[in-house]
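Novice: Generate a structure from the sequence data that follows.
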Amino acid sequence: MNKVYILGGAQTDFERNWTKEGKTMLALLKEATEDGIVGAGLSFDDIQELNKDNRVACFVGNFIAEKYTEQGHLGAFLTEVDPAFYGVPSARYEAACASGSVAIDAAQTKIRAGDYDVAVVIGWELMKTVDSKAGGDFLGRAAFYDKESKGIDLPFPKLFGRLADETIKKYRLDETRYMDSLAQIAVNNYANAKRNPLAQTRKWFMSKEQAKLRGTETNPYVGGRLAVSDCSQVTDGAAVVVLASEKFVMERQIKDKPILKGYGHRIAPMLFDKKMQESQNSAYILPWTRQTVLDAYHRSGLSVEDIDVFETHDCFTSSEYAAISAFGLTEPGREYEATESGLIAFDGKKPINPSGGLIGCGHPVGASGVRMFLDLYKQVMGMAGKYQVSNVQNALMLNIGGSATTNYVYIVSQGS
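Specialist: Model (predicted):
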């Protein structure tokens, strides 16, 4: 199988509100794309030259710009970024909050097949163009809208609140112990975000006491047992990664770049109720998420013992909690051991979300998969600055779409 190398990329500052700045999606795309290409050691002239021989393509991940920005046909919009993209094959890819990951998947597949030597992957979303109620309704399209979201305020906090309920029920957990674990997950992610200069909440305050004070004026409930502290952020932002073939890396004599070592992609039933019905016969609350992880381990030839750092889709603390056993860090039903022991803390043996994750770093839905992938690259390259984990050789990410309906896992490793 042909190797896929990661040349680099860039992320916008997720604290920014582009609408308040008076800037449009085009401004976001121009800034992110230019920074990403430069971050990969390339230029627009390189893109133009590669396109002469049909060696480059672009892959755009975005969930629902048709609602947030009243714009579709997003792949072609790169021609408005720079004339270098005239003629370059480009298309938009969508899988709800895993839209960035499906764009990466399409890109890496084309490189492995030998169709292109360079793939520019851009994930983005502008979400602060509307109020929270309208935005929550838009995001409801990531579920079965007519059955799970239509007419419901903030449907996704409610769905992942139900995941918390079902987790307690399935494993007969002590509710206080479980909720304390969710609070610790929130605290970990906020603390990690303070180290990340591009994180949305890097200036915010969160303590264990605050995270546990659910249902208060400063931390109100938003979905079942889940409060504001348990939720990822509404975020404007974009992230870019550039992938390349072994042929291109050798031509340019590029050294010491990491490779995409393994991947997994699985789909669970669309309806949350059907997911829970299926999980009754499994030890795992999200069996297809677990299978996706196993697929990535199998393809990479690695296991959980080999992974030095994890980035996971903490759209809510209940989703990160379920990911702990899906990764194999604990047995299913004993995820609390990882939060209580400090295993997944920044200075733990298996840190999760040193970037701050979706809760701390931010969650522009179409960009999150690409942002996580970029952070794997940074960790393996030793380029993560103050949130760098020591001695990272292998890094893994989990990106989900909907209520863990679409599941993507990638493993990035030091090249050879």
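
Novice: which residue ranges form the strands in the chain?
Specialist: Assigned by DSSP state E, the strands in the chain fall at 4-11, 56-61, 90-93, 118-125, 221-223, 226-227, 237-245, 259-267, 309-312, 394-401, 406-413.

Novice: got the angle for the fourth one vs strand 4-11?
Specialist: Here strand 118-125 runs at 40 degrees with respect to strand 4-11, directions being taken by axes from the mean of the first three to the mean of the last three C-alpha atoms, to 10 degrees.

Novice: For strand 118-125, give the mean pLDDT please.
Specialist: What strand 118-125 shows for mean pLDDT is 98.

Novice: Just want the angle from it to strand 56-61.
Specialist: Relative orientation of strand 118-125 and strand 56-61, computed by the same axes, to 10 degrees: 20 degrees.

Novice: List the pairing partners of strand 118-125 within its sheet, with orientation.
Specialist: strand 56-61 (parallel), strand 237-245 (antiparallel) (DSSP bridges).

Novice: Now render these as a markdown table, adding mean pLDDT and mean neighbour count.
Specialist: The way it works is simple: take the backbone N, C-alpha and C, and place the C-beta from them, glycine included. Shown next, in a markdown table, are these (pLDDT from 0 to 100; neighbours: other C-beta atoms under 10 Å):
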| stretch | mean pLDDT | mean neighbour count |
| --- | --- | --- |
| strand 56-61 | 98 | 27 |
| strand 237-245 | 98 | 28 |
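
Novice: Ok, which of those comes nearest G369?
Specialist: Smallest distance to G369 across these (C-beta to C-beta): 6.3 Å, for strand 56-61.

Novice: ok, and what's touching the closest one?
Specialist: 47, 50, 74-75, 77-78, 85, 88-94, 99-104, 106-107, 110, 115-124, 366-367, 369-370 (C-beta atoms under 8 Å, 6 or more residues apart in numbering).

Novice: So, low pLDDT: which residues of this protein?
Specialist: Low-confidence segments of the chain, defined by pLDDT under 70, span residues 1, 416.

Novice: burial of R141, as a residue count?
Specialist: By other C-beta atoms under 10 Å, the residues close to R141 number 17.

Novice: still on that earlier bit, export the strands of the chain as JSON lines, with columns for distance to G348.
Specialist: Shown next, in JSON lines, are these (distance: least, C-beta to C-beta, whole Å):
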{"stretch": "strand 4-11", "distance to G348": "24"}
{"stretch": "strand 56-61", "distance to G348": "30"}
{"stretch": "strand 90-93", "distance to G348": "34"}
{"stretch": "strand 118-125", "distance to G348": "28"}
{"stretch": "strand 221-223", "distance to G348": "28"}
{"stretch": "strand 226-227", "distance to G348": "24"}
{"stretch": "strand 237-245", "distance to G348": "26"}
{"stretch": "strand 259-267", "distance to G348": "23"}
{"stretch": "strand 309-312", "distance to G348": "10"}
{"stretch": "strand 394-401", "distance to G348": "15"}
{"stretch": "strand 406-413", "distance to G348": "19"}
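
Novice: For the longest helix along the chain, name the packing helices and strands.
Specialist: Looking across the chain with DSSP state H, the single longest helix is helix 175-193. When contacts are defined as 3 or more C-beta pairs under 8 Å, 6 or more residues apart in numbering; DSSP states H and E, helix 175-193 sits against helix 155-171, helix 208-212, helix 317-326, helix 336-341, helix 357-360.

Novice: go again using 10 Å as the cut-off
Specialist: Packing contacts for helix 175-193, counted by 3 or more C-beta pairs under 10 Å, 6 or more residues apart in numbering; DSSP states H and E, involve helix 155-171, helix 208-212, strand 226-227, helix 317-326, helix 336-341, helix 357-360.

Novice: okay, those, which one's buried deepest?
Specialist: Neighbour counts (mean count of other C-beta atoms under 10 Å) averaged over each of the helices and strands packed on helix 175-193 peak at helix 357-360, with a mean of 32.

Novice: what's the offset of that helix from the middle of its chain?
Specialist: Centroid separation for helix 357-360 versus its chain: 9 Å, with C-alpha atoms, centre = their mean, to the nearest Å.

Novice: so what does it touch, helix or strand wise?
Specialist: Using 3+ C-beta pairs under 10 Å, 6+ apart, helix 357-360 sits against helix 175-193, strand 309-312, helix 317-326, helix 368-381.

Novice: repeat that for 8 Å
Specialist: In terms of contacts (3+ C-beta pairs under 8 Å, 6+ apart), helix 357-360 is packed against helix 175-193.

Novice: Apply the buried test to the contacts of strand 56-61 and list what passes.
Specialist: Buried members of the contacts of strand 56-61, counted by 16 or more other C-beta atoms under 10 Å: 47, 50, 74-75, 77-78, 85, 88-90, 92-94, 99-104, 106-107, 110, 116-124, 366-367, 369-370.

Novice: quick one, what contacts the closest residue to L343 other than its chain neighbours?
Specialist: Distances taken as C-beta to C-beta, 6 or more residues apart in numbering place K350 nearest to L343, at 5.4 Å, with adjacent residues excluded. Listed by C-beta under 8 Å, 6+ apart, the contact partners of K350 are V304, I307, D308, V309, F310, F327, L329, A338, L343, I344.
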